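> missing the sequence, but the structure's below:
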């Protein structure tokens, strides 16, 4: 039995069991993580790393990532690093290692995919664009406000049902990746827009009384991702925003604007439904000006 095989038998089964119970990741992602770790163990074997838990360093992991960078797409390498990070988080929880050697590992040569930056003023123009005198305009206004107020993924917002929204409590239940449920606050403006749409817009669009989806087309059917993208893009163009704006950019604006106004990164992580905070950190890049201002204001050595 090779070292890689031995490590796989020893660690992967309990690690995957832990992920299934705690992370809410999809089966596809879990299976990808399992394959990623087998590759990592095989790499360690080539380097004669005797004991995974005791001897692996950040340098070992960086070398693995750089080797993989020449063989597969950047997105796959990023996922492999995430798998290794999650594995060492598991070892820490089990008391088998005090540190996480993958915590500060970055992958040189991979440009991070940064969403389009939308300012608060630009966001207001998009939100004010829909004509709320029509049922479709009421729908669009409610969708845009809800996405900006909650940071939902496009798949989550088009999959929302009427029963998932609680206007009275100002909350909604979201079924995210891996069918993991989270509770997200609506916000006062979004709640009012959704309530108006439900009372006077949706009822004029829905032809089938058993339709459960919150947001529907002119024919009373669930809308598609592509259609939602077209709505956002058209609104941005109409208000003079010369950027290729997508639904994900509204999610990005939600996170960035929260951080700009002092929100804690961990809170934003929970609201976005990210399993790994390293995923949330991408949204902090445009908040750097605020961080620098806070540092200049409060640090004793100005």
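The structure has been received and is ready for your questions. Only a predicted model underlies this, so the values are computations on that prediction, with no experimental measurement involved.

> please report how far the closest residue in space to residue 126 that isn't next to it in sequence lies from residue 128.
Leaving aside its chain neighbours, residue 126 sits nearest to residue 235 (5.1 Å; criterion: C-beta to C-beta, 6 or more residues apart in numbering). Heads up, the C-betas are built off the backbone N, CA and C, glycines and all. Distance from residue 235 to residue 128, counting by C-beta to C-beta, to the nearest Å: 10 Å.

> so who does the closest residue to residue 162 other than its chain neighbours touch?
Spatially, and ignoring its direct neighbours in sequence, residue 162 is nearest to residue 214 (5.3 Å; C-beta to C-beta, 6+ apart). Residue 214 makes contacts with 160-162, 164-165, 194, 202, as judged by C-beta atoms under 8 Å, 6 or more residues apart in numbering.

> swap in 10 Å and give it another go.
Residues in contact with residue 214 (C-beta atoms under 10 Å, 6 or more residues apart in numbering) are 139, 142-143, 146, 157-165, 172, 194, 197-198, 202, 222.

> and it, how far from residue 254?
18 Å.

> now swap in residue 90 and tell me
For residue 90, the distance to residue 254 - C-beta to C-beta - is 30 Å.

> circling back: between residue 235 and residue 128, which one's more packed in?
residue 235 (19 against 12; other C-beta atoms under 10 Å).

> shared neighbours, residue 235 and residue 128?
Taking C-beta under 10 Å, 6+ apart as the contact rule, residue 235 and residue 128 both touch residue 144.

> tell me the domain ranges of the protein?
As assigned by automatic domain parsing, the chain contains the domains 3-93, 120-292.

> in terms of helices and strands, where is residue 141?
helix 135-150 (DSSP states H and E).

> mind listing what's buried in that helix?
Going by neighbour count (16 or more other C-beta atoms under 10 Å), the buried part of helix 135-150 is 135-136, 138-150.

> closest one to residue 84 out of the residues you listed, please.
Among the buried residues of helix 135-150, residue 150 lies closest to residue 84 (C-beta to C-beta), at 31.1 Å.

> burial count for residue 259?
With other C-beta under 10 Å as criterion, residue 259 counts 22.

> check it and give its pLDDT.
Looking at residue 259, its pLDDT stands at 74.

> tell me the SS of it?
helix (DSSP: H, G, I helix; E, B strand; the rest coil).

> and it, how far is that from residue 106?
20 Å.

> residue 20 too?
From residue 20 to residue 106 the distance is 28 Å (C-beta to C-beta).

> what does residue 132 give?
Taking C-beta to C-beta, one finds residue 132 at 45 Å from residue 106.

> ok, these two, which is more surrounded?
Neighbours per residue, other C-beta under 10 Å: of residue 132 and residue 106, the larger number sits with residue 132, 18 against 12.

> you'd agree the more buried one is up against residue 193?
Yes. If you go by C-beta atoms under 10 Å, residue 132 and residue 193 touch, sitting 8.2 Å apart.

> give me the common contacts of these two.
Taking C-beta under 10 Å, 6+ apart as the contact rule, residue 132 and residue 193 both touch 138-142, 201.

> next, the buried residues of the helix or strand harbouring residue 33.
Element membership for residue 33, per DSSP H and E: helix 27-46. By neighbour count on 16+ other C-beta under 10 Å, the buried set for helix 27-46 is 29, 32-34, 36-37, 39-45.

> where is pLDDT lowest across those?
Where pLDDT dips furthest among the buried residues of helix 27-46: residue 45, at 76.

> quick revisit: for the buried residues of helix 135-150, which one is nearest residue 83?
Closest to residue 83, out of all of the buried residues of helix 135-150 and judged by C-beta to C-beta, is residue 150, at 28.4 Å.

> shaky segments in the chain?
1-9, 23-25, 47-54, 108-116, 176-179, 263-302 (pLDDT under 70).

> just the strands in it please.
Remark: strands assigned in the chain by DSSP state E are 165-166, 171-175, 181-185.

> those: which one's closest to residue 248?
strand 171-175 (15.7 Å).

> for the stretch 201-302 of the chain, which segments count as helices?
202-205, 225-238, 247-260, 265-272, 277-280, 288-298 (DSSP state H, counting those that start in this stretch).

> no wait, the stretch 51-200 of the chain
Listed in chain order, the helices of the stretch 51-200 of the chain (DSSP H, counting those that start in this stretch) span 52-55, 58-69, 74-93, 120-128, 135-150, 154-158, 188-196.
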